[in-house]
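Novice: Return a 3D structure for these sequence lines:
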Amino acid sequence: MAGLNIAFGAEYRMERYQIFAGEEGSSSKYDTNGNIWDINDPNSIEVKDFFGRTRPGGSQVFPGFSPDNEVNKTRNSVAGYADVEADITDRFLVSGALRYENYSDFGGTLNFKLATRFKFTDNFAMRASANTGFRAPSLHQLNFNSTSTIFVDGIPTDVGTFSNDSRAAKLLGIPQLKQEESKSASVGFTAKAPGAHLTFTLDGYFVRIDDRVVYTGSFKPKNDGSPADELLKQLLAQANAGSAAFFANAIDTESYGIDLVITHKANFSNSALQTDFSATFEQTKQVGDIHASDILEDAGLPQVSTLNK
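Specialist: As a prediction, the model looks like this:
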């Protein structure tokens, strides 16, 4: 117990996320009379092209933010941590840490980390660690909403991104975002070759993330005449969009990887040169089923087809 290190601290953080409305013409859709189109006004007639197709409003590709997109959200968190590291013997080191954090919108979480290192010789040591993790969805994942144009097979489609507390999300059964939780572990070694002025580190790691937040594929109306389908059409029309997308806790993932670092140091008469080589080999895969909406599944609406990490 010759070496003992203790660290502790506290943190308070406040976050704010805002979206301001842009110019009216950048986001509005106008009718044949030059007034802002109102889906509930029978005298407000949509503008259509030569082929009878409804024309979108606002700026193309990325329309401006409308007053309906305006957001002003805040949250705060309070955290505290403690870390203890001790040399049990001259060769055996153990460390542990605890962190408690309380979010105003997601509650409290307690996470830990354990790590150890054993020196077999002065030039070779093994090390390992294990820990848990917690990540609350960012404010923009919770509140971002907009309409943009994407091209699929050369065909432009206006996709509306809706926040998780929107009517569209409730209609499609998209639940409120919740926190991501993770478990991870690593094991590796460090080695030195003093005669060659080389240092090596090699670590393998595993990370499991549950309820990972991803951006879903787009959902379109089925045109089956059902009340839910008609309401979805109205919501999309009001957003100048042809389909809807959301942030959702849609998948669980596992990542496996290896990190390699080789360092060489060369000393000259009045200077020194350090050269580093590093490489990472990693694979991330989805495990289990997609956490789909029960309403989408029961209604036969398209499920998530594309998950962008």
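Novice: From now on I want contacts and neighbour counts done on CA atoms only, so please keep to that.
Specialist: Will do.
Novice: what residue ranges in the stretch 51-200 of the chain score low on pLDDT?
Specialist: The stretch 51-200 of the chain contains residues with pLDDT under 70 at 56, 152-156.
Novice: ok, which stretches of it are strands?
Specialist: 71-87, 92-103, 107-121, 124-135, 146-152, 155-161, 180-193, 198-215 (DSSP state E, counting those that start in this stretch).
Novice: and Leu172, which of the ones you listed is closest to it?
Specialist: strand 155-161 (13.2 Å; C-alpha to C-alpha).
Novice: Could you figure out how far that closest one is turned away from strand 198-215?
Specialist: 90 degrees (axes from the mean of the first three to the mean of the last three C-alpha atoms, to 10 degrees).
Novice: Which among the strands of the stretch 51-200 of the chain is found nearest to Glu46?
Specialist: strand 155-161 (16.5 Å).
Novice: strands paired with that closest one, and their directions?
Specialist: strand 146-152 (antiparallel), strand 243-245 (parallel) (DSSP bridges).
Novice: Of all the residues in the helix or strand just after the shortest one, which ones are buried?
Specialist: In this case it means strand 243-245. As assigned by DSSP states H and E, the chain's next helix or strand after strand 243-245 is strand 247-267. By neighbour count on 16 or more other C-alpha atoms under 10 Å, the buried set for strand 247-267 is Phe247, Ala248, Asn249, Ala250, Ile251, Asp252, Thr253, Glu254, Tyr256, Ile258, Ile262, His264.
Novice: partners of strand 247-267 in the sheet?
Specialist: strand 198-215 (antiparallel), strand 272-287 (antiparallel).
Novice: between the strands paired with strand 155-161, which one is nearest to Leu4?
Specialist: Using C-alpha to C-alpha, the strands paired with strand 155-161 put strand 243-245 closest to Leu4, at 51.8 Å.
Novice: ok, back up a step: minimum distance to Gln234: which of the strands of the stretch 51-200 of the chain has it?
Specialist: strand 155-161 (12.5 Å).
Novice: Fine, thanks again, bye for now.
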